[in-house]
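Q: okay, predicted coordinates and the sequence, questions at the end:
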Amino acid sequence: MDHENSLNRRKALKAGLTVITGSVFADNVFAAPKKPGEVRVLVLAGDYWHNDMMYESHWRRILGVTGWNLLFAQSSKFITPEVLKDTDLFIFSRYGGGNPEFTTDGLVEERPESAPWMTNEQEDAIIENVTERGMGIIPFHCSIANTTNKKVLELMGVKEMIMHGPCVMTSFYNLNQYHPITEGVESFEEVDEIFGAVMLDVDYTPLFQAKQNYELLQKASGDPYSGGYYAERENFPLDRLAGWSREVGNGRMVYLNCMSHQMVFWKKSMKEIMWRSAFWAMHKDIPKSGLIEGRGVDRE
Amino acid sequence: MSENKKSRRKFLKTGLAVSAAYCTTANPLSAEPKKPGEVRVLFLAGDYWHNGMMYERHWRRILGVTGWRLMFAQSSDFITPEVIDQTDLLVFSRYGGGNPGFTTDGLVGQRPRGDSWMTSEQEDAIVENVTKRGMGIIPFHCSIANTSNKKVMELMGVRDMIMHGPMVNTYFYEMNQDHPITRGVRPFEEVDEIFGMVMLDDNYTPLYRARQDYDIVRKMSGESHECFYGVEGAIPLDRMAGWMREVGNGRIVYLNCMSYQQVFWKKSMKEIMWRSAHWAMKKDIPESGLIEGRSTDRV
């Protein structure tokens, strides 16, 4: 009897939670019309390989002072065409593979099946909003690994992805002094992973290169991973385009092909690139950032 | 008309806040009395430095076949004394520093401040449940970085933490052949970070060691991170990477490694996780059926 009661109570509570959860998901802030002058920045970042908490912390720290409405999606299912049509800038870094799904349960006993990323509907909405409405996008790091999303890859100017090597000391150099995102930004060194890209024969502007020491990389990763990381292939030199920009239709795009781990976000140059990319992608003038070097602080 | 819209929005916001409060505080599963034979395993893992999604996936894949109730906390706020009282095994890896808070919002406009970990109340509940009730614990990786929680550090047998080096290929060796967690487990190599520690003058049993090549570590991390990582040469990167203790009625297994994904693909590491969970709860250790591999753990 007690057992039955507790089961019923549990069912009732679960049902109640489902209803409540439904209400949480059914309406979100995007249901409200944009206020005059409001700038909406939508972010989807993090997966099995990349720490979502860390990404959110750094993007908020860099862009939080702007007064823009920064919204971090806890699941790709919240990146709907309706949400995208009210978005001024979409920042994303997630590869397609099975990511754990968001749930409102405080203690998660059963993790729901992951929502896919990126669906055809999401992909079409991104293309349309960029090329026609002029939404800016900053895909970064592993967004290039969504290899089946050919339309978005094309938007990025990419024909094929090349896998990155392990997280190792990297020299970021050759910063484009003729582009407002990188003009005056200093070269720097930091631990990171750098994807490679075979670019399409389309217009794009290189922003900076990244170089890793092959021998060190090979030692650090160990033999079992040379294959996976393509570190043994001499025809894949680890001197890669690590950032570029494009203008497609009415929209602008900045691809930042680095930014896998924490330390690169502590560098003044990287912070400056993030700051300027956000303004540039939205066709906005780029104000002084006030950004400084450091792990725990970004401004005086 | 505009007022109506505002009212609707306010109403929705209020409703959402109530719903969110309900969802995040109700915890119906943990408040429910345990069924006979039920085993509850509670997890808190992930922070600014460590990927919570990845940890959850691997622990579920290793222990999911047991039929135990595995519960992953989305915030340390859910690790209450009441929840701990009903827990048979607590697996945790989180350092004390500012972690973002949990919210039920699908699109997070304002992230709440992270809850502190670990509070004195949580610490006392852990110590009491381990030593008196016999709850098992598996603190791993950066749990050792909660240096102000002296009681839990003492429970682990640790006096001081030494910072790990960067992620680099690591040799895991000297598996203790006299302990059921590591007997017959093979040494292996994998990329990982290994904390160091100064142990208290207390009983503990080493399970295995981990060694990194100093020269590679130094080059990998670069000059700027040498101090941060504490690898200037005074601290040799040959460290005890796992040990166990029995304190009062409870058992502890500390796994001082397990920072990144790749180490969870190794059969030996999977086996250590499997056996540690059983051993910490004083259960017989059945065959795991675990195999080497990234995406599969069993045939």
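A: Cool, the structure landed.
Q: okay, now the unreliable bits of chain A?
A: Residues of chain A meeting the criterion pLDDT under 70: A:1-31, A:97-98, A:166, A:214-237.
Q: the helix or strand where B:Tyr208 lies near chain A anywhere?
A: Assigned by DSSP states H and E, B:Tyr208 falls within strand B:205-212. No - using C-beta under 8 Å from any C-beta of the partner chain, strand B:205-212 never reaches chain A; the gap is at least 10.2 Å. C-beta here means a position set from N, CA and C on the backbone, and glycine is covered the same way.
Q: just stretch B:70-85 next, same as before
A: Yes - counting by C-beta under 8 Å from any C-beta, chain A is contacted by stretch B:70-85 at B:Leu70, B:Met71, B:Phe72, B:Ala73, B:Gln74, B:Ser75, B:Asp77, B:Phe78, B:Val83.
Q: tell me the contacts of the first one?
A: B:Leu70 makes contacts with A:Glu109, B:Val41, B:Phe43, B:Trp59, B:Arg60, B:Leu63, B:Gly64, as judged by C-beta atoms under 8 Å, 6 or more residues apart in numbering or on different chains.
Q: three-state assignment of the third one?
A: Read that as B:Phe43. Per DSSP: H, G, I helix; E, B strand; the rest coil, the secondary structure class of B:Phe43 is strand.
Q: got the CA coordinates for stretch A:49-64 in CSV?
A: Extracted in CSV, the C-alpha atoms of stretch A:49-64 (Å, rounded to 0.1, in the frame of the first residue of the first chain):
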residue,chain,number,x,y,z
TRP,A,49,34.6,18.0,-25.9
HIS,A,50,34.3,21.6,-24.9
ASN,A,51,33.3,23.2,-21.6
ASP,A,52,30.1,25.1,-21.9
MET,A,53,30.5,26.8,-18.4
MET,A,54,33.9,28.1,-19.4
TYR,A,55,32.6,29.5,-22.8
GLU,A,56,29.7,31.2,-21.2
SER,A,57,31.9,32.7,-18.5
HIS,A,58,34.3,34.3,-21.0
TRP,A,59,31.8,35.5,-23.6
ARG,A,60,29.8,37.2,-20.8
ARG,A,61,33.0,38.8,-19.4
ILE,A,62,34.0,40.2,-22.8
LEU,A,63,30.6,41.4,-24.0
GLY,A,64,28.7,41.9,-20.8
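Q: which parts of it are buried?
A: A:49-63 (16 or more other C-beta atoms under 10 Å in any protein chain shown).
Q: try stretch B:79-91
A: B:Ile79, B:Thr80, B:Val83, B:Ile84, B:Gln86, B:Thr87, B:Asp88, B:Leu89, B:Leu90, B:Val91.
Q: go on, stretch A:130-146?
A: Buried, per 16+ other C-beta under 10 Å, within stretch A:130-146: A:130, A:135-146.
Q: and that stretch with chain B, contact?
A: No - judged by C-beta under 8 Å from any C-beta, stretch A:130-146 makes no contact with chain B; its nearest approach is 13.0 Å.
Q: can you give me the end-to-end span of that stretch?
A: 18 Å (C-alpha to C-alpha, to the nearest Å).
Q: run the chain-centre distance for it.
A: 9 Å (C-alpha atoms, centre = their mean, to the nearest Å).
Q: swap in stretch B:60-75?
A: 13 Å.
Q: chain center to stretch B:279-296: distance?
A: For stretch B:279-296, the distance to the chain centre is 17 Å (C-alpha atoms, centre = their mean).
Q: which residues does that stretch contact?
A: B:39, B:62, B:65, B:88-89, B:134, B:136-138, B:180-181, B:244, B:251-253, B:265-267, B:270-271, B:274-275, B:278, B:297-299.
Q: ranges for the helices of the chain?
A: As the question left the chain open, I've gone with chain A. A:2-26, A:52-63, A:81-85, A:120-128, A:150-156, A:214-221, A:226-229, A:268-281 (DSSP state H).
Q: chain B was what I was after
A: Using DSSP H, helices in chain B cover B:2-26, B:28-31, B:52-63, B:81-85, B:120-128, B:150-156, B:214-221, B:226-229, B:267-280.
Q: quick one: mean pLDDT for the second one?
A: This means helix B:28-31. Helix B:28-31 comes out with an average pLDDT of 54.
Q: and the closest residue in space to A:Thr103 that isn't next to it in sequence, how far from A:Pro81?
A: Among residues not flanking A:Thr103 along the chain, A:Pro112 sits closest, at 5.7 Å (C-beta to C-beta, 6 or more residues apart in numbering or on different chains). A:Pro112 sits 22 Å away from A:Pro81, going by C-beta to C-beta, to the nearest Å.
Q: and for A:Phe172?
A: The separation that A:Phe172 has from A:Pro81, given C-beta to C-beta, amounts to 36 Å.
Q: of these two, which one has the most company?
A: A:Phe172 (25 against 13; other C-beta atoms under 10 Å in any protein chain shown).
Q: and B:Val299, how many neighbours?
A: Taking other C-beta under 10 Å as the criterion, the count of residues near B:Val299 is 7.
Q: now do the contacts for it.
A: B:Gly289, B:Ile291.
Q: how distant is stretch B:238-256 from the center of its chain?
A: Mean C-alpha position of stretch B:238-256 versus that of the full chain (C-alpha atoms, centre = their mean) differs by 13 Å.
Q: quick check: end-to-end length of that stretch?
A: 12 Å.
Q: and what of stretch A:132-145?
A: OK, stretch A:132-145 end separation, C-alpha to C-alpha: 25 Å.
Q: count the residues that sit near the nearest residue to B:Ala241 once chain neighbours are set aside.
A: Excluding its sequence neighbours, the residue lying closest to B:Ala241 (C-beta to C-beta, 6+ apart) is B:Ala210, at 3.7 Å. Using other C-beta under 10 Å, B:Ala210 is surrounded by 26 other residues.
Q: so how far is chain A from B:Ala210?
A: 14 Å (C-beta to the nearest C-beta, to the nearest Å).
Q: do the same with B:Met175
A: B:Met175 is 19 Å from chain A, by C-beta to the nearest C-beta.
Q: what's near enough to touch that residue?
A: B:Thr182, B:Arg183, B:Val185, B:Arg186, B:Pro187, B:Leu207, B:Tyr208, B:Ser268.
Q: so the first one touches B:Leu207, yeah?
A: Spelled out, it's B:Thr182. Yes - with contact defined as C-beta atoms under 8 Å, B:Thr182 counts as touching B:Leu207 (4.9 Å).
Q: hey, what's in contact with both of those two?
A: In contact with both B:Thr182 and B:Leu207: B:Met175, B:Asn176, B:Gly242, B:Ile272, using C-beta under 8 Å, 6+ apart.
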